[in-house]
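# Pasting a predicted model and its sequence here:
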Amino acid sequence: MEHKISLLGTEPADVLIHGPKKLYVNKYNWHVPDAGIIASYAPRDIDVEDHFDVFRGVDQIESFAQATTVSCSAYLETIKQNCTFDYLKKTFTPLFISIGQVNFRNYLKLGDVFICVGNITAYKYRQMSCDGRIYKVPAGLDLDEYFKDFTVENLRNYQLSEEFILVAELFDIIGRGTKRTIN
């Protein structure tokens, strides 16, 4: 089985098992499998319903986890097991293990686009740990163009234009793919 060299060009719905109402990744914008990922999302009406058009902090954490520990580890597992994302979805369930610390610096509203910038800090036995940040994207910015020459060093140092607005800093976000059992 031949695999892509990254998640770029892959639909998040093909990777993630999260249903349409709780899928919080629109696109993978940059990805180096052993280093990290940048993924984007724009909150929808359903995401901010009954919450003053604000995208809740807990959903930001969920978006970050989907973009990082779930997507990145799923990609690495397809390589390791020489399998498809469909096989992984049927065989494993992604679970939150722990959240170290989250500091919110700003907020996101309906109509905003944001990116999750995730640095992989550890990966072993389908368990991944990531640190990272969430940034509000400047209006009208073409993310594909912006990240086409991005590097691992840029990722590690969070080197983004000052136009990006820091929304949250996340530390020790840990997720694990747990094998499903047949009952």
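Looks like it came in fine. Residues are numbered from 1 along each chain as shown.
# List the contacts of Trp109.
Check again: residue 109 is Lys, not Trp. Pro43, Val48, Asp53, Val54, Phe55 (C-beta atoms under 8 Å, 6 or more residues apart in numbering). Just so you know, the C-beta spots here come from the backbone N, C-alpha and C atoms, and that holds for glycine as well.
# export those to TSV and tack on distance to Arg180, neighbour count and secondary structure?
Output for the contacts of Lys109, formatted as TSV (distance: C-beta to C-beta, whole Å; neighbours: other C-beta atoms under 10 Å; DSSP: H, G, I helix; E, B strand; the rest coil):
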residue	distance to Arg180	neighbour count	secondary structure
Pro43	30	23	coil
Val48	32	19	helix
Asp53	37	14	coil
Val54	35	15	strand
Phe55	30	24	strand
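# need the contact list for the residue most central in space within the chain.
Closest residue to the average C-alpha location of the chain: Ala67 at 1.2 Å, with C-alpha atoms, centre = their mean. Counting by C-beta under 8 Å, 6+ apart, Ala67 makes contact with Tyr24, Val25, Tyr28, Ile37, Ala39, Tyr41, Cys116, Gly118.
# Now with 6 Å, please.
Counting by C-beta atoms under 6 Å, 6 or more residues apart in numbering, Ala67 makes contact with Val25, Ala39, Cys116.
# Select from the residues you listed the one having the most neighbours.
Cys116 (30 neighbours; other C-beta atoms under 10 Å).
# surely that residue meets Ala39?
Yes - counting by C-beta atoms under 6 Å, Cys116 touches Ala39, with 5.2 Å between them.
# since we're on the closest residue to Tyr135 other than its chain neighbours, how many residues are nearby?
Leaving aside its sequence neighbours, Tyr135 sits nearest to Phe164 (C-beta to C-beta, 6 or more residues apart in numbering; 4.1 Å). By other C-beta under 10 Å, 19 other residues sit near Phe164.
# Find me the pLDDT at Phe164, would you?
As summarised for this prediction, Phe164 has a pLDDT of 98.
# Return the set of buried residues in the helix or strand Leu170 falls within.
For Leu170, the element it lies in under DSSP states H and E is strand 165-179. Within strand 165-179, the residues that count as buried by 16 or more other C-beta atoms under 10 Å are Ile165, Val167, Ala168, Leu170, Ile173, Ile174, Gly175, Arg176, Gly177.
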